[in-house]
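Asker: Structural data only, the sequence is not supplied:
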């Protein structure tokens, strides 16, 4: 708590100096609230203030429904007394109305102060974790209710628009599956059967549903079909005996954790094959509507969000529980004209989930986060529903010409959606008709504030912030916190928070020293492996490599030891055949060690500063 409060004080001083505002009383008020409410004030209550501030920007005034729990006085007028110096540069104190020319610096400062701790990596309380799991179950029930309420006309509209939009892509995927062009792969993450790294190449489970589309012994898993006797230990599971996904929680915010579903190895393996084909065709040149959807490049969304904040013509929408609300029924409707794509995708979709405290349940959703197909399929569904909403707003059926006319006005990246502002309400209504939930606290279309894909803009100006991801370390051996704090320092430097940078440099200098007391905190480029300071002036050189004559510096370098995991036999042969590209494996010990490191550490050594 002390380190977080010291950091907040420096941010208040820095932004106060920048905006010409005194922040001494603001810090005292926050300090008193933290004494009574604890860490939750910084991570939950203060971010709520920031969210209400953004909503005020969007609607153009401050009303009494916002900033609940924050004191107002006669002196502060309609504005909360906390951060009133900054707020007075944005809103009129007496009326609460947005000023004709609000201070961009003050807008950015308020967001930085209130939202910087919102996504700190800390475990939620057991009570909040249980509430998140209960909400997962409730969400599943609501998906079933929506399925039962959707009319035939709703489904017909969705089918017609999704077929119009995705026919070329799904035809290409259907052909890839029919012609056995899919190449599977294992993902880097955890699996429901708890296989890690090289262990995944020695699978002991397959399913009868997968066997129909991805035969185990016909090259999909076994390197050749004549090796029947070498795979007699593999269980081919009937549908009722399939391993369910394992529902777990991971840190997101202190308010609520993120709920994800860990897929079985066999399912994940097949999902990766289909996903690779699907994404390549969605982003490929043969897709006439590739501009409407994205998976790897967030810049188009950010650019459109900036344009929307400048002109007001584009709205940014955000969905809550996006993955868990995509109905499998809708996915089947979208795929119903492509039997191979539909069959293959359905075969590698997990039908059951093992939920802590609730046991094994049957799923109505398509997939939760954790499935390799979750992200591309949900984006396709969202895009189709968005066009249905625009169709309703235009009051005429969507055509290819109409879709092309929306280029530069519609974009879907996960649950970050951009649509024309004049169709925003129709799109929101249509999304909710199909059981999705639009997060109105993070969706904007009336004012000049917009956010998408981690970037925020007001009137065309970037008002994005730097977030604290870890509590600053108390000793150098706490490697994850140390790495995160160095990253925080460098992000603050690039954002111009000079007082914060000075404070963090002093703090880190006390940790990044050798056993002899030598400071090991050099100036390096942002591509260097050394934990050091980034600078617009370049990097420093302390010595030279005697063989390569390249510059070197001495500092702490992150080390992550890959756990032992020996692979041989058919599993090693399969790993070779599944490798992408012609280049050899970068790690020569990949058959001896594999998987994600169990822990990271730092070690002082000489390395390149770039």
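Answerer: Okay, I see it. Computed from a predicted structure; not experimentally measured.

Asker: For residue 173, grab the count of nearby residues.
Answerer: Counted with other Cβ atoms under 10 Å, the neighbours of residue 173 add up to 26. (Glycine included, C-beta is placed from N, CA and C.)

Asker: Now do the contacts for it.
Answerer: By Cβ atoms under 8 Å, 6 or more residues apart in numbering, the contact list for residue 173 reads 274, 277-278, 281, 338, 341.

Asker: and of the residues you listed, the nearest to residue 566?
Answerer: Taking Cβ to Cβ as the measure, residue 566 sits nearest to residue 274 out of the contacts of residue 173, at 30.0 Å.

Asker: host element of the closest residue to residue 356 other than its chain neighbours?
Answerer: Using Cβ to Cβ, 6 or more residues apart in numbering and skipping residues adjacent in sequence, the residue nearest residue 356 is residue 133, 5.8 Å away. Taking DSSP states H and E as the criterion, the element that holds residue 133 is helix 126-149.

Asker: likewise residue 33?
Answerer: Using DSSP H and E, residue 33 falls in helix 24-37.

Asker: coming back round to it: keep only those of the contacts of residue 173 that are in helices.
Answerer: 274, 277-278, 281, 341 (DSSP state H).

Asker: Select only the buried ones of those residues in ChimeraX?
Answerer: Per 16 or more other Cβ atoms under 10 Å, the buried members of those correspond to this ChimeraX selection:
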select :274,277,278,281,341
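
Asker: Dump the ones in helices among the contacts of residue 173 into CSV; add pLDDT and distance to residue 546 as well.
Answerer: Converted to CSV, these look like this (pLDDT from 0 to 100; distance: Cβ to Cβ, whole Å):
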residue, pLDDT, distance to residue 546
274, 97, 52
277, 96, 50
278, 97, 51
281, 97, 51
341, 97, 58
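
Asker: TSV for the ones in helices among the contacts of residue 173, including distance to residue 60?
Answerer: Putting the ones in helices among the contacts of residue 173 into TSV (distance: Cβ to Cβ, whole Å) gives the following:
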residue	distance to residue 60
274	46
277	47
278	42
281	43
341	47
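
Asker: So which of the ones in helices among the contacts of residue 173 is the closest to residue 233?
Answerer: For the ones in helices among the contacts of residue 173, the nearest to residue 233 is residue 274 (26.3 Å; Cβ to Cβ).

Asker: show me what contacts the closest one?
Answerer: Going by Cβ under 8 Å, 6+ apart, residue 274 touches 173, 177, 182, 341, 344-345, 348, 372-373.

Asker: ok, now with 10 Å
Answerer: Counting by Cβ atoms under 10 Å, 6 or more residues apart in numbering, residue 274 makes contact with 173, 176-177, 182, 184, 213-214, 341, 344-345, 347-349, 372-373, 376-377.

Asker: Mind checking which of the residues you listed are in helices?
Answerer: Among those, the members found in helices (DSSP H) are 173, 176-177, 213, 341, 344-345, 347, 376-377.

Asker: Now residue 602: closest residue in space that isn't a chain neighbour?
Answerer: Using Cβ to Cβ, 6+ apart and skipping residues adjacent in sequence, the residue nearest residue 602 is residue 556, 4.2 Å away.

Asker: ranges for the helices of the stretch 1-150 of the chain?
Answerer: Along the stretch 1-150 of the chain, the stretches classed as helices by DSSP state H, counting those that start in this stretch are 2-19, 24-37, 39-40, 46-59, 84-87, 104-115, 126-149.

Asker: can I get these in JSON lines with mean neighbour count, mean pLDDT and distance to residue 577?
Answerer: Output for these, formatted as JSON lines (neighbours: other Cβ atoms under 10 Å; pLDDT from 0 to 100; distance: least, Cβ to Cβ, whole Å):
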{"stretch": "helix 2-19", "mean neighbour count": "18", "mean pLDDT": "95", "distance to residue 577": "50"}
{"stretch": "helix 24-37", "mean neighbour count": "14", "mean pLDDT": "95", "distance to residue 577": "57"}
{"stretch": "helix 39-40", "mean neighbour count": "14", "mean pLDDT": "92", "distance to residue 577": "50"}
{"stretch": "helix 46-59", "mean neighbour count": "21", "mean pLDDT": "95", "distance to residue 577": "49"}
{"stretch": "helix 84-87", "mean neighbour count": "24", "mean pLDDT": "96", "distance to residue 577": "60"}
{"stretch": "helix 104-115", "mean neighbour count": "23", "mean pLDDT": "97", "distance to residue 577": "48"}
{"stretch": "helix 126-149", "mean neighbour count": "15", "mean pLDDT": "95", "distance to residue 577": "38"}
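
Asker: May I see those arranged in TSV, with distance to residue 522 as well?
Answerer: Shown next, in TSV, are these (distance: least, Cβ to Cβ, whole Å):
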stretch	distance to residue 522
helix 2-19	23
helix 24-37	33
helix 39-40	34
helix 46-59	35
helix 84-87	36
helix 104-115	28
helix 126-149	41
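
Asker: what's the closest of those helices to residue 546?
Answerer: helix 2-19 (41.3 Å).

Asker: Which strands and helices lie in contact with that closest one?
Answerer: With contacts defined as 3 or more Cβ pairs under 10 Å, 6 or more residues apart in numbering; DSSP states H and E, the packing partners of helix 2-19 are helix 24-37, helix 84-87, helix 104-115, helix 479-495, helix 498-509.
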